[in-house]
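Visitor: Pasted the sequence and its predicted model underneath.
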Amino acid sequence: MRRVLTADRMRAADRAAGEQFGMPSPLLMENAGRELAEVARALGSPGGRFLVVCGPGNNGGDGLVAARLLHAWGRRVTLVLVGPRDKLTPDSQRNLLALGPSGLEPQALGAVEEPRVGDVVVDAIFGTGLTRPPSGEFAKAIEHVRRWRAAGAKVVAADVPSGLHSDTGAPFEPCVEADATVTFGFLKQGQVLEPGATLCGEVRCVDIGIPAEAVEAHAGAEVFLVEEADARGAIAPRRSDTHKGTYGHVLVVAGSLGKSGAAALSALSALRAGAGLVTVATRAQVVESVLGHAPELMGWPLEDRGPLGRADLESLLAAAAQKDALVVGPGIPRGEETTALLGELLERVDVPVVLDADALNAVSTDLGVLRRAKGPVVLTPHPGEMSRLSGLPTKELQKDRVKVARDFARTHGVTLVLKGARTLIAHADGTVYVNPTGNPGMATGGTGDVLSGVLGALLAQGLKLPEAAWTAVYAHGLAGDLAAGRRGRLGLIASDVVKGLCSVWTRWER
Ligand SMILES: NC(=O)C1=CN([C@@H]2O[C@H](COP(=O)(O)OP(=O)(O)OC[C@H]3O[C@@H](n4cnc5c(N)ncnc54)[C@H](O)[C@@H]3O)[C@@H](O)[C@H]2O)[C@H](O)CC1
Ligand SMILES: [K+]
């Protein structure tokens, strides 16, 4: 897991590093500038130029250090200073003075010789201090950097691409797009959320001497980036003295006329994610078509009576007996009484329950059922379903997904998987995990059903929350990435993701 900070927490850590741990800001800046210069040097070509564009704050100071070092290393450096010199922060002032012996004189933006392929532009205009849309000469400088990159120069951003909001990952207009971002101390939220993650290019998080102890714990507000080792480590190797009962029995309550495929995808994924047994509870009229997808599946026919309602409760409780996890929602026939039915089911079933698809739409009309649940509950909404659950317009909630997901999980005591580019897993304690796997090829019908099955299977095998959730999400996204590598993103369909799960397990069992 990689801890991810907001700009405020990063600044507090900066201060603590100086005040409590003997790492004053000028030293931090020198270390940051050196790391920045080394990455820039590695990206440049031997005869190439280095164009360092510095803003008025400490981000600019990092750039001034990098310019001095690149020059000392014999590189051809052009320096541009954006904004009034009298506005430079004290640390940046010092570094401007330190340039004296090098003879490096800042040039005006307009006078700069256009960079070419093989040249490197160091973007040190703004970092975590950006608080409003860049304007005037700052906006012009950012537009120059964007144009130079389009002309073939490589761009290395200091800490954060200038123009990117370092907490939300939303770009102001204009915003630098970088080939690499050298970030200092800890990852920032905006670098792991889209579109920020894409705008950063390859993120290198470098140690500049800020000890982990300098970061104040924020119980209930921590954000972590999930890494492959975390997900892989959650899947225990299989012992020889085990049997299918060891790996749990999942009940999938799903499917309806015309939507038997959703049930099959969810159930098949539960099998492909290691569940010992999977039973599908669905209307009698579709049970055979669901089971037709895999002889390994078992069926629990529900009497044909249209939408799921109270009349189905006794049968579903009987189906849920001796099960280790439930997945409810993919393709279910939803009606007036489905919310009440789910409420009763959640109150009486004590194993983990995954609510997906139309089960989410059903509970969104009475969120109280979540608090009344006897066992742990995981919701797996996409943004549209999240809008119905939260009452926020989709556009609104997408602006600060971390906050929306955290608030919902904490308020209702659930684990919430907010799907999308960089899916978020918010746990009831307020901690949010960011998932880096997955690709736009997975924006195709049925991939959500696949995730619900994987999640149900890991819960049935005894993984606890939130670990079961971020492991399922990571594996599901990686399965999609491996499948896209074989099929191409355009051709990817949900069944490929199911097959991709096997590639994940073989990769992790090595
Ligand atoms: N441990 C670390 O992370 C270290 C970080 N360092 C670098 O310091 C910057 C943060 O520096 P700061 O001075 O706070 O802000 P910026 O340089 O990002 O921004 C400059 C300055 O600009 C003003 N400002 C904000 N928005 C606008 C705007 N739209 N137009 C004009 N001016 C604007 C605001 O007042 C800012 O103060 C961090 O990213 C790192 O690169 C340290 O150097 C090393 C340790
Ligand atoms: K920057």
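Guide: Sure thing, it's come through. Ligands and ions are numbered 1, 2, ... in the order given.
Visitor: Give me the number of neighbouring residues for the residue nearest to residue 212 when sequence neighbours are not counted.
Guide: Closest residue to residue 212 apart from its sequence neighbours, by Cβ to Cβ, 6 or more residues apart in numbering: residue 3 at 8.0 Å. Heads up, the C-betas are built off the backbone N, CA and C, glycines and all. Residue 3 has 15 neighbouring residues, counting by other Cβ atoms under 10 Å.
Visitor: Name the SS class of residue 3, please.
Guide: Secondary structure for residue 3, judged by DSSP: H, G, I helix; E, B strand; the rest coil, is strand.
Visitor: My guess is it contacts residue 216. True?
Guide: No: in this structure, residue 3 is not within contact of residue 216 by Cβ atoms under 8 Å, at 11.6 Å.
Visitor: just to revisit the earlier point, contacting residues around the residue nearest to residue 212?
Guide: 186, 187, 212, 215, 222, 223, 224 (Cβ atoms under 8 Å, 6 or more residues apart in numbering).
Visitor: now do residue 463
Guide: For residue 463, the contact set (Cβ under 8 Å, 6+ apart) comprises 234, 471.
Visitor: what do you get for residue 153?
Guide: Residue 153 sits in contact with 51, 115, 116, 117, 118, 119, 120, 121, where contact means Cβ under 8 Å, 6+ apart.
Visitor: What strands line up against the strand or helix carrying the first one, and which way round?
Guide: Same thing as residue 51. Residue 51 belongs to strand 49-54 when assigned by DSSP states H and E. Using DSSP bridges, the strands paired with strand 49-54 are strand 76-81 (parallel), strand 120-124 (parallel).
Visitor: Next, format the ones you listed as CSV and append mean neighbour count and distance to residue 390.
Guide: Compiled in CSV, the strands paired with strand 49-54 are given as follows (neighbours: other Cβ atoms under 10 Å; distance: least, Cβ to Cβ, whole Å):
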stretch, mean neighbour count, distance to residue 390
strand 76-81, 22, 45
strand 120-124, 31, 36
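Visitor: rewinding a little: now do the strand holding residue 51: everything it contacts.
Guide: Contacts to strand 49-54, defined as Cβ under 8 Å, 6+ apart, come from residues 40-41, 44, 60-61, 63-64, 66-67, 70, 75-82, 92, 106, 109, 112, 115-116, 119-125, 141, 144-145, 148, 153.
Visitor: C-alpha coordinates for the biggest helix by length in the chain, PDB please?
Guide: Under DSSP state H, the helix in the chain containing the largest number of residues is helix 467-487. What follows is helix 467-487, C-alpha atoms only, in PDB (Å, rounded to 0.1, in the frame of the first residue of the first chain):
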ATOM      1  CA  GLU A 467      -9.200  -6.500   2.100                       C
ATOM      2  CA  ALA A 468     -11.600  -8.700   0.100                       C
ATOM      3  CA  ALA A 469     -12.900  -5.600  -1.700                       C
ATOM      4  CA  TRP A 470      -9.600  -4.000  -2.800                       C
ATOM      5  CA  THR A 471      -8.200  -7.500  -3.700                       C
ATOM      6  CA  ALA A 472     -11.300  -8.300  -5.800                       C
ATOM      7  CA  VAL A 473     -11.200  -4.900  -7.600                       C
ATOM      8  CA  TYR A 474      -7.400  -5.200  -8.200                       C
ATOM      9  CA  ALA A 475      -7.700  -8.700  -9.600                       C
ATOM     10  CA  HIS A 476     -10.700  -7.800 -11.700                       C
ATOM     11  CA  GLY A 477      -8.900  -4.800 -13.200                       C
ATOM     12  CA  LEU A 478      -5.700  -6.800 -13.800                       C
ATOM     13  CA  ALA A 479      -7.800  -9.500 -15.500                       C
ATOM     14  CA  GLY A 480      -9.200  -6.900 -17.800                       C
ATOM     15  CA  ASP A 481      -5.700  -5.500 -18.500                       C
ATOM     16  CA  LEU A 482      -4.300  -9.000 -19.300                       C
ATOM     17  CA  ALA A 483      -7.300  -9.800 -21.500                       C
ATOM     18  CA  ALA A 484      -7.000  -6.400 -23.300                       C
ATOM     19  CA  GLY A 485      -3.400  -7.300 -24.000                       C
ATOM     20  CA  ARG A 486      -4.600 -10.400 -25.800                       C
ATOM     21  CA  ARG A 487      -7.800  -9.100 -27.400                       C
END
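Visitor: Return the set of buried residues in that helix.
Guide: Across helix 467-487, burial judged by 16 or more other Cβ atoms under 10 Å covers 467-484, 487.
Visitor: Kindly report the residues of the stretch 151-300 of the chain close to ligand 1.
Guide: Counting by Cβ under 6 Å from any ligand atom, the stretch 151-300 of the chain comes close to ligand 1 at 158, 159, 160, 184, 185, 208, 210.
Visitor: And these, which is closest to residue 359?
Guide: residue 160 (39.2 Å; Cβ to Cβ).
Visitor: Quick check: phi and psi at the closest one.
Guide: Main-chain dihedrals, residue 160, degrees, to the nearest 10: phi -150, psi 140.
Visitor: What about it, how many residues nearby?
Guide: The local packing of residue 160 (other Cβ under 10 Å) involves 32 other residues.
Visitor: ok so, going back, would you check which pair of the contacts of residue 3 lies furthest apart?
Guide: 212 and 223 (15.2 Å).
Visitor: higher neighbour count, those two?
Guide: A direct count of neighbours by other Cβ under 10 Å for residue 212 and residue 223 places residue 223 higher, at 26 against 10.
Visitor: you'd agree residue 122 is up against residue 161?
Guide: No: the criterion here is Cβ under 8 Å, and residue 122 misses it with residue 161 at 11.7 Å.
Visitor: tell me the domain boundaries of this protein?
Guide: Following automatic domain parsing, one gets these domains for the chain: 12-216, 228-509.
Visitor: now these as CSV including distance to ligand 2?
Guide: Below are those laid out as CSV (distance: least, Cβ to the ion, whole Å):
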stretch, distance to ligand 2
domain 12-216, 4
domain 228-509, 21
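Visitor: I'd like those as a markdown table, with mean pLDDT appended.
Guide: What follows is the domains of the chain, written out as a markdown table (pLDDT from 0 to 100):
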| stretch | mean pLDDT |
| --- | --- |
| domain 12-216 | 96 |
| domain 228-509 | 97 |
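Visitor: what helix or strand is the residue in the stretch 201-350 of the chain positioned nearest to ligand 1 on?
Guide: In the stretch 201-350 of the chain, no residue comes nearer to ligand 1 than residue 210, which is 5.3 Å away by Cβ to the nearest ligand atom. For residue 210, there is no helix or strand it lies in under DSSP H and E.
Visitor: Tell me where the stretch 251-400 of the chain has strands.
Guide: 277-283, 298-302, 325-328, 353-355, 377-379 (DSSP state E, counting those that start in this stretch).
Visitor: where do the helices sit along the stretch 201-350 of the chain?
Guide: 228-234, 260-272, 284-291, 313-320, 338-348 (DSSP state H, counting those that start in this stretch).
Visitor: With mean neighbour count added, can I get these in TSV?
Guide: Shown next, in TSV, are the helices of the stretch 201-350 of the chain (neighbours: other Cβ atoms under 10 Å):
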stretch	mean neighbour count
helix 228-234	16
helix 260-272	29
helix 284-291	19
helix 313-320	16
helix 338-348	20
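Visitor: Distance to residue 426 for these - can I get that in a markdown table?
Guide: Shown next, in a markdown table, are those (distance: least, Cβ to Cβ, whole Å):
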| stretch | distance to residue 426 |
| --- | --- |
| helix 228-234 | 16 |
| helix 260-272 | 22 |
| helix 284-291 | 31 |
| helix 313-320 | 26 |
| helix 338-348 | 19 |
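Visitor: For residue 445, find the nearest of these.
Guide: Across the helices of the stretch 201-350 of the chain, residue 445 has its closest neighbour in helix 260-272 (8.5 Å, Cβ to Cβ).
Visitor: Since that was my last question, I'll sign off now.
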